[in-house]
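Chemist: I'll drop the sequence and a predicted model, then ask my questions.
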Amino acid sequence: MADYNNRRDDDYNLEPLEDLDGYKVHHDDPDVRGWEVIDSSGRVIGEVEELLCNKALKKVRYLDVEVRNDVIGDDHVAYSSSAEDGIHEYVDSDGENHLIIPIGVARLDTEDHRVTADRLTPEMFSKTKTYRKGREITPDYEEHVVAVYVDDDERVSRSNAEEFYNQRCFNEGRFYSEDRDTRERDRDDDNY
Amino acid sequence: MAEIRIEKKAPIWPWILLGLLILALLAWWILDDDNDNLEEIEAVEDEEYGNIEDDEETRYIGDVDGDMDYPTEVAGFIKHVNDDAEGEMGLDHEYTAAGIMELAEAIRYLSNKYNVNVSVEEQTLQQKAKQIQQDPASTNHANIIAEVFDNTASALTKIAKKADRDVDDMTEDLNQMAEDINPKELTLDQKDDVKSFFDKAADIIEELA
């Protein structure tokens, strides 16, 4: 299991639910581990393998998704620890098949047991670098993932943990309502 | 909608404790039930007569004939008679002597219960039983048995009368059976009559017990 807690000393440590002794998914919420994950084109990109949680907030922050190898293109770039130096090396996709999705991006279909990431387009997916299971989820990686969903002018650094997790991609209600507002505004502009 | 919360799991130890408590209660209930069914036979050492109903030492044994429990003193004789399904008597004078001793015990119990003095009859039974035991080869047993049966019928008649039972109905047959024993005939040749007498005596004793 990935070492999620390296180099974190704040209250926003990510911990896989499996490692949180004495904790379980809230009885009113679904445990989505094992559910398929679908992107905006309806393509199944993988399966939820783990839930990354914030123990203090008692909330899941990310879905850890094991991506299907046939979905990872040959030109897909994997994220490695060397990325901290700003150098993104291409790593053989074999084994580099995990990515994290902010909880706010996910829409849950409790009937079909599916997670739909409506905003995760194939293009955005291709931008999201995968990581090897067992590698740490670094703050840099988190910022990289969030950057796919949040515009530059709205982005917050992970160093400000409280504000970082207050970004809309962690708040499903905000994420989809703002998206809806944007699309409605664009439509109105087109109709004008 | 995608908000997934986590919560603490409920502690398991209260359930474990409850399970252990239930097991303990079950064990206690089963063991207590077993104790009620244990057979206890108390040796009667007290020879004084008294009101049997006040005797808290009287213990009952488990059921002898499938119906009810009997006092120990009575159950011994009833069981003796019931065990002789195939006619154990034969030449076994030990069986006869033992049956007479058990009969004496049962009569003593009933005499105490109804406060009837049948000590003569009872002592006669005990003496005659010992006589048979001491001289098992004697050909005089029919005479002894005839005397035993006469005394038994006499004792049970007195007791039935004291117990306000219909004496004629209850003991008339028994008296007749006692008279039917021929003291001049070998006991072996009269074993069916002897068995019938014991059976009838057992019926009466059961009813009075």
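Modeler: Sure thing, it's come through. Numbering: from 1, shown residues only, chains lettered A, B, ... in the order given.
Chemist: quick one: find the helix or strand in chain A with the lowest mean pLDDT.
Modeler: helix A:172-191 (a mean of 56; mean pLDDT, DSSP states H and E).
Chemist: now chain B
Modeler: Ranked by mean pLDDT, DSSP H and E, the weakest helix or strand in chain B is strand B:60-61, scoring a mean of 51.
Chemist: any idea how far B:Glu121 is from the residue most central in space within chain B?
Modeler: Computing the C-alpha centroid of chain B and ranking residues by CA atoms, centre = their mean puts B:Ala75 first, at 0.9 Å. To B:Glu121, B:Ala75 is 21 Å away according to CB to CB, to the nearest Å. The C-beta positions use only the backbone N, C-alpha and C, and glycine is treated the same way.
Chemist: cool, and B:Gln134?
Modeler: Taken as CB to CB, the span from B:Gln134 to B:Glu121 is 21 Å.
Chemist: among those two, which residue is more densely surrounded?
Modeler: With neighbours defined as other CB atoms under 10 Å in any protein chain shown, B:Gln134 and B:Glu121 compare such that B:Glu121 has more, 23 against 9.
Chemist: and the more buried one, what helix or strand is that in?
Modeler: In this assignment (DSSP states H and E), B:Glu121 forms part of helix B:119-134.
Chemist: next structured bit after that helix?
Modeler: As assigned by DSSP H and E, the chain's next helix or strand after helix B:119-134 is helix B:141-162.
Chemist: partners of the biggest strand by length in chain A, with directions?
Modeler: Longest strand in chain A by number of residues (criterion: DSSP state E): strand A:44-54. As defined by DSSP bridges, the strand partners of strand A:44-54 come to strand A:14-16 (antiparallel), strand A:36-38 (antiparallel), strand A:59-67 (antiparallel).
Chemist: and the pLDDT for the residue nearest to the centre of chain B?
Modeler: With respect to pLDDT, B:Ala75 scores 89.
Chemist: which SS class is it?
Modeler: The three-state assignment at B:Ala75 reads helix, by DSSP: H, G, I helix; E, B strand; the rest coil.
Chemist: please determine how far it is located from B:Ala209.
Modeler: Taking CB to CB as the measure, B:Ala75 falls 9 Å from B:Ala209.
Chemist: so who does B:Glu121 touch?
Modeler: B:107, B:151-152, B:154-155 (CB atoms under 8 Å, 6 or more residues apart in numbering or on different chains).
Chemist: hmm, I was thinking of A:Gly46
Modeler: A:36-37, A:65-68, A:71, A:97.
Chemist: could you report the neighbour count for the closest residue to it other than its chain neighbours?
Modeler: In this structure, A:Gly46 finds its nearest non-sequential neighbour in A:Val67, 4.0 Å apart by CB to CB, 6 or more residues apart in numbering or on different chains. Applying other CB under 10 Å, we find 21 residues neighbouring A:Val67.
Chemist: where in chain A is pLDDT low?
Modeler: Scanning chain A for pLDDT under 70 picks out A:1-12, A:72-95, A:134-135, A:172-192.
Chemist: chain B contacts on that one?
Modeler: Contact residues (CB under 8 Å from any CB of the partner chain) of chain A with chain B: A:17, A:20, A:22-30, A:32, A:51, A:53, A:55, A:58-60, A:103-108, A:115, A:172-173.
Chemist: got the angle for the one helix or strand B:Asp168 maps to vs helix B:141-162?
Modeler: Using DSSP H and E, B:Asp168 falls within helix B:167-180. Interaxial angle of helix B:167-180 relative to helix B:141-162 (axes from the mean of the first three to the mean of the last three CA atoms, to 10 degrees): 170 degrees.
Chemist: how near is A:Arg114 to chain B?
Modeler: Per CB to the nearest CB, to the nearest Å, A:Arg114 is found 12 Å from chain B.
Chemist: in the sheet, who's paired with that residue?
Modeler: Applying DSSP bridges to A:Arg114 gives these bridge partners: A:Glu36, A:Asp109.
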